[in-house]
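Student: I need the structure of the sequence given here:
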Amino acid sequence: MENLDQKNIILASQSPRRKELLTSLGLDFKVEIKEIEETYPDTMRGAAVALYIATKKAEAFGLKSDKDILITADTIVSIDDRILGKPVDYDDAFKMLKLLSGRRHEVITGVALKTIEKVRSFYEVTAVYFNELSDEQINYYIKTFEPYDKAGAYGIQEWIGAVAVDHIEGSYTNVMGLPTAKLYKELVKL
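Tutor: So this is what the prediction gives:
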């Protein structure tokens, strides 16, 4: 597959969705994790935040071989010039979903690809249009799916995606956490 089978691909993510999406590309890879603080300057907005954190994650790793390719990513939800990360608790998740209800928001994933020589980064933006959600629906979703590991407090591949998402403009896999088509194009360029 365009010389990618000769590379040592490393996914630096705990996300089961990113692992599943990378597997769907037919690539062999291993997962390595390093904890970093996902903070960013207060003045940053939108794609700059996702790129900053993805690059910060990549910089935490040292590579040993010119065959190594490290993939890091960060996904954020943006609405009203606000960034919604992962909710800290039930109330935070409820507030996020209430804010998204009946409105358009953007899901932005920043991706960094690190080789022994350089770090290349890119991002993908998907517009997501939510239907109105009742408090009962929001409570059901949070109690049943516990979306505390997801930016914006939701996973599009779960119940809420079938019920709340009216439509999207852009990459579905980006909303899940990894824009696979764009990622593949960038990987074959390395």
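
Student: would you list every one of the strands in the chain?
Tutor: Using DSSP state E, the strands of the chain run over 8-11, 29-31, 68-79, 82-84, 104-114, 119-130, 165-169.

Student: To residue 185, which of these lies closest?
Tutor: Residue 185 lies closest to strand 119-130 among the strands of the chain, at 9.2 Å (Cβ to Cβ). (Glycine included, C-beta is placed from N, CA and C.)

Student: need the contact list for the nearest residue to residue 120 once chain neighbours are set aside.
Tutor: Residue nearest to residue 120 in three dimensions, not counting chain neighbours: residue 113, with 4.8 Å by Cβ to Cβ, 6 or more residues apart in numbering. Each residue near residue 113 by Cβ atoms under 8 Å, 6 or more residues apart in numbering is listed here: 58, 69-71, 119-121, 186-187, 190.

Student: re the thing from before, would CSV of the strands of the chain with mean pLDDT be doable?
Tutor: Formatted as CSV, those follow (pLDDT from 0 to 100):
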stretch, mean pLDDT
strand 8-11, 96
strand 29-31, 97
strand 68-79, 97
strand 82-84, 94
strand 104-114, 98
strand 119-130, 98
strand 165-169, 98
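
Student: Any chance of CSV for those, columns distance to residue 46?
Tutor: Formatted as CSV, the strands of the chain follow (distance: least, Cβ to Cβ, whole Å):
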stretch, distance to residue 46
strand 8-11, 24
strand 29-31, 28
strand 68-79, 5
strand 82-84, 8
strand 104-114, 6
strand 119-130, 8
strand 165-169, 16
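
Student: separation between residue 67 and residue 84?
Tutor: Look at residue 67 and residue 84: by Cβ to Cβ, to the nearest Å, they are 37 Å apart.

Student: Noted, bye for now.
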